[in-house]
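Undergrad: Just the structure for this:
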Amino acid sequence: MHFLDLDLVKNYKSNSQKARVMTEFWTGENIFCPSCWDSISHYDNNKPVADFFCKGCKEDYELKSGTSLGNKITDWAYSTMIERLWSDNNPNFFFLNYKKSYEINNFVVIPKHYFTSEIIEKRKPLPITARRAGWIGCNILLSPIPESGKIFYIKNWEQRNKKEILQNWNKTLFLRDKKSPDSKGWILDIMKCIEMLHKQEFTLQEMYNFEPTLKLKYPNNNFIKDKIRQQLQFLRDKRYLKFVSSGKYRVL
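TA: Now for the predicted structure:
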């Protein structure tokens, strides 16, 4: 079992400050870099880009924590988040979920290459009565992200194998090669469709059944089936899928 250390925050009054100190300390002490297995280090306070970094492979990580890991995570300014999506210093995200007993039941990393503008939800501007009137924040939507992009260290209190975490991280690094938002969006959509089939092996015809849904998202594309085949070919070439036989694929 993993618990946050309450002794660290005896002199703090703010609950948000307590949570930040405890979760950042626990993460720094217990979490390794999923890219190279090296330890992670804490940035100085108020680092604008991230909370942690890996000295070995130079990956950056931002930590979000709370008592629930739902489908929507509150983040900072919308415009800043959108700008970061395609920048070189866009961090990966850690999400830590703990109970009221301060026991940690979920810890997951989402690689930065799964982040697109589609999962960034614009919040309403703060009212004129607010201290930062007009400021516009955002939410990170987790539901559109394929399950392959949610790499758990701890899931429902169960700790995952270190080797499994590294394998899951490396499996989709090919997405970093896709700089175009549209091309990456198509791949992620097809990966999500495959997961919705809930089976290890599937057919091309089953993928064609998603044509109406994809057409709604890409109304100007008149060759949806061609695009589906193209993305399946790409995922096969990247060893995310295996071509089994004519019109049949297997998730690796």
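
Undergrad: Run through the helices of the chain in chain order.
TA: For the chain, the helices defined by DSSP state H occupy 15-30, 78-84, 162-171, 181-196, 204-208, 211-217, 224-237.

Undergrad: between those, which gets nearest to residue 116?
TA: helix 181-196 (5.7 Å; Cβ to Cβ). No exception for glycine: its C-beta is placed from N, CA and C like everyone else's.

Undergrad: quick revisit: tell me which of the helices of the chain sits nearest to residue 138.
TA: Set against residue 138 and scored by Cβ to Cβ, those come closest in helix 78-84, at 4.0 Å.

Undergrad: how much space between the spatially most central residue of the chain and residue 205?
TA: In the chain, the centroid-proximal residue (Cα atoms, centre = their mean) is residue 110; its distance is 2.8 Å. Distance of residue 110 to residue 205, given as Cβ to Cβ, to the nearest Å: 32 Å.

Undergrad: With mean neighbour count and distance to residue 9 as added columns, please give the helices of the chain in TSV.
TA: What follows is the helices of the chain, written out as TSV (neighbours: other Cβ atoms under 10 Å; distance: least, Cβ to Cβ, whole Å):
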stretch	mean neighbour count	distance to residue 9
helix 15-30	16	4
helix 78-84	15	28
helix 162-171	14	29
helix 181-196	18	39
helix 204-208	15	50
helix 211-217	12	45
helix 224-237	16	46
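
Undergrad: Turn the ones you listed into CSV, columns for mean pLDDT.
TA: Shown next, in CSV, are the helices of the chain (pLDDT from 0 to 100):
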stretch, mean pLDDT
helix 15-30, 94
helix 78-84, 88
helix 162-171, 96
helix 181-196, 90
helix 204-208, 98
helix 211-217, 96
helix 224-237, 97
